[in-house]
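Enquirer: Could you look at this predicted model? Sequence included:
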Amino acid sequence: MKRPQLDTLRNRLVLLIFAITAAAIGFVYLYIVPQLESSLTTEKLSRLERLGSEQSPAFARSLARGDSERQLNALVRMIGQNTESRVTLIGIRESAGGPRPGLVIADSQDQTTAIQGDYRAAHIALEEGRISTGVDTIAGDRVGTSAVPVSVAGDVRWVAVLSDPLAEVQDNVDLIRRQILIGGAIALVGAVLVAFWASSAVSRRLRRLRRAAEQVADGNFSHPIPIDSSDELGQLARTFNDMQHRLERLDSARKDFIANASHELRTPIFSLGGFVELLEEDELNTADRRQFIGEMRAQIDRLQKLTADLLDLSKLDADAMELNVQPVDLKELSRSVAGEFRQTAKGHGSSVEVRGRGQAVARADADRASQIIRILIDNAIMHTPEGTKVTVTAVRGGDAAEVVVGDDGRGIEPRSVERVFERFFTGDVAAGSGLGLAIGQELATRMGGDLDVVSQRGFTAFTLKLPLAEPAAERPRAAGAAA
Ligand SMILES: Nc1ncnc2c1ncn2[C@@H]1O[C@H](COP(=O)(O)OP(=O)(O)O)[C@@H](O)[C@H]1O
Ligand SMILES: [Mg+2]
């Protein structure tokens, strides 16, 4: 036999709602209904008690008058009619333990059906000497009673019992019980159906999410989930679609990266292969051989630079770039990096000038900061016409130490400016792989700073911002400066 599955959300919800509804019905049936029954009974008894004490003077008068049996029968019948209850007058029998109810003297209904003075309320009324109420069973029916001792000159002679069947209360309560059972059964079936319907809808939507997640796991990003509501599941679907988009972008970025990187690697390798073939030819003069070897060196340099860049990027991506952060004087650093370019600049007819205002000491990794400045100066020479003037300025800004590398070259095309920091973006024909600025910007960010560009016709400036070594102290106001 197949066991019902309890580990589905739907079945659990249905079971939970069934249990809650059943508990509510059980509570009403087992707790509220008995309370209702007892309060209806109490109400009946207090009515009998009130009637008993109202009628007590009439009995006392009759006792004092010494009414005959016929007169007594007429009295109880009249009172019975007035009070809409059965009136039984019981005589007293003296016993060792005090007065006890004795024989029935008169009864507003058939005398023989009265239990001979054995009403519990009558016993208690005689013991306590005052009106008392109780519930008795007469011929199988529950009856509410109130009993009043009737006395003349302080001598108790009778006890008058007013009784009223509780069948009406019982009928009402039974009816309510039946209604609760029927209504409860309908409510249970309804609740289970509604729970089943609602949770089926929820689990259908969840299944759809799961299927979509499986497709993403398979590398398929082209199936967004329809968003059909604004509830939590709708929000989840929205988040999931966002995630899908982001994964898709990441995935295509990764594919682009691999394609670009292999392309960049292939070009110099092919070219090296070509030169090796040329070198293998026998009738090659020394000048050609030297030229080929020179070209090969250039390709090898390019390969070396490219692999170093790729390694840096993979370290940055893996968050594995180790930084040795310490105070770095940016002016000194700029001067030493600019020195490396003296030869290149001369070959390009350009000049690199280093300026500095005040102390610009950053908290940074000296090697990585040099690497960024090197990338910027290299670009300012490589991507500008011959004779361009490059200036490197180290300054202390308000909240950062800055190096600005500016040139008076042609400037970057407006539509390229936003893209220069993208990986593998190259905006002109100058041989580069387009990784320099991408690496520079990520390094700057990693050191808590940033790298920005401003460019227009005839002017380009890249600004590297790094955190100050010591936070900006309140600058002491120079005495008499205002004078
Ligand atoms: N100083 C500059 N003047 C003009 N163009 C620049 C300058 N610096 C960068 N660029 C543009 O930005 C692009 C990206 O630079 P970079 O990331 O260093 O790659 P690469 O130098 O390998 O081309 C360059 O191809 C160039 O078009
Ligand atoms: Mg570059």
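Expert: It's in. Computed from a predicted model, the values in this text were never measured in an experiment. Ligands and ions are numbered 1, 2, ... in the order given.
Enquirer: Report the separation between whichever residue of the stretch 101-250 of the chain sits closest to ligand 1 and L313.
Expert: When C-beta to the nearest ligand atom is the measure, the stretch 101-250 of the chain has its nearest residue to ligand 1 at R249, with 20.6 Å between them. The way it works is simple: take the backbone N, C-alpha and C, and place the C-beta from them, glycine included. Look at R249 and L313: by C-beta to C-beta, to the nearest Å, they are 17 Å apart.
Enquirer: between these two, which one's more packed in?
Expert: Remark: of R249 and L313, L313 carries more neighbours, 18 against 11, as counted by other C-beta atoms under 10 Å.
Enquirer: Figure out how far the helix or strand harbouring that one is from the centre of its chain.
Expert: When elements are assigned from DSSP states H and E, L313 belongs to helix 286-317. Mean C-alpha position of helix 286-317 versus that of the full chain (C-alpha atoms, centre = their mean, to the nearest Å) differs by 53 Å.
Enquirer: next one: stretch 342-349
Expert: Distance of stretch 342-349 from its chain centroid, counting by C-alpha atoms, centre = their mean, is 62 Å.
Enquirer: same check, this time on stretch 345-353
Expert: Here the centre of stretch 345-353 is set off from its chain's centre by 61 Å, with C-alpha atoms, centre = their mean.
Enquirer: For it, buried residues please.
Expert: Of the residues in stretch 345-353, those buried by neighbour count under the rule 16 or more other C-beta atoms under 10 Å are A345, H348, S350, V352.
Enquirer: Mind jotting down where the helices sit in this protein?
Expert: Along the chain, the stretches classed as helices by DSSP state H are 9-27, 33-65, 69-83, 120-128, 167-217, 232-280, 286-317, 330-340, 342-347, 366-382, 414-417, 436-446.
Enquirer: Apart from its neighbours in sequence, what residue is nearest the residue in the chain positioned nearest to ligand 2?
Expert: Scanning the chain for proximity to ligand 2 using C-beta to the ion identifies G436 as nearest, at 3.1 Å. Closest residue to G436 in three dimensions, ignoring its sequence neighbours and counting by C-beta to C-beta, 6 or more residues apart in numbering: I375, at 4.2 Å.
Enquirer: and if you look at A22?
Expert: What sits nearest to A22 in space, not counting adjacent residues and going by C-beta to C-beta, 6+ apart, is L188, at 6.3 Å.
Enquirer: Number of residues surrounding the one you found?
Expert: One way to gauge burial is a neighbour count; for L188, by other C-beta under 10 Å, it gives 16.
Enquirer: now do the one 4 residues further on
Expert: The burial count assigned to V192 is 15, neighbours taken as other C-beta under 10 Å.
Enquirer: mind listing what the residue of the chain closest to ligand 2 touches?
Expert: In this structure, G436 makes contact with D309, I375, D378, N379, judged by C-beta atoms under 8 Å, 6 or more residues apart in numbering.
Enquirer: can you rerun that using 7 Å?
Expert: Taking C-beta atoms under 7 Å, 6 or more residues apart in numbering as the definition of contact, the neighbours of G436 are I375, D378, N379.
Enquirer: still on that earlier bit, and the helix holding L313, anywhere near ligand 1?
Expert: No - Helix 286-317 stays out of contact with ligand 1 when judged by C-beta under 6 Å from any ligand atom, the minimum separation being 8.6 Å.
Enquirer: In space, not sequence, find me the middle residue of this structure.
Expert: Nearest to the geometric centre of the chain sits E232, at 8.4 Å (C-alpha atoms, centre = their mean).
Enquirer: Can you give me the pLDDT of that residue?
Expert: According to the model's per-residue confidence, E232 sits at a pLDDT of 89.
Enquirer: just to revisit the earlier point, which of the contacts of G436 come close to ligand 1?
Expert: With the criterion set as C-beta under 6 Å from any ligand atom, the members of the contacts of G436 near ligand 1 are I375, N379.
Enquirer: Give the pairing partners of the lowest-mean-pLDDT helix or strand in the chain; include direction for each.
Expert: Taking mean pLDDT, DSSP states H and E as the measure, strand 98-107 is the helix or strand of the chain with the lowest mean score, a mean of 85. Neighbouring strands of strand 98-107 in its sheet, by DSSP bridges, are strand 86-95 (antiparallel).
Enquirer: Give me the buried stretch members for the strand it pairs with, please.
Expert: Of the residues in strand 86-95, those scored as buried under the neighbour-count criterion (16+ other C-beta under 10 Å) are R86, V87, T88, L89, I90, I92.
Enquirer: near ligand 1, which residues of the stretch 351-483 of the chain?
Expert: Proximity of the stretch 351-483 of the chain to ligand 1, by C-beta under 6 Å from any ligand atom, involves residues 375, 379-380, 383-384, 407, 409, 412, 420, 425-428, 432-438, 460.
Enquirer: buried subset of those residues?
Expert: Burial of these was assessed by neighbour count (16+ other C-beta under 10 Å); the buried members are 375, 379-380, 383-384, 407, 409, 412, 420, 425-426, 432-438, 460.
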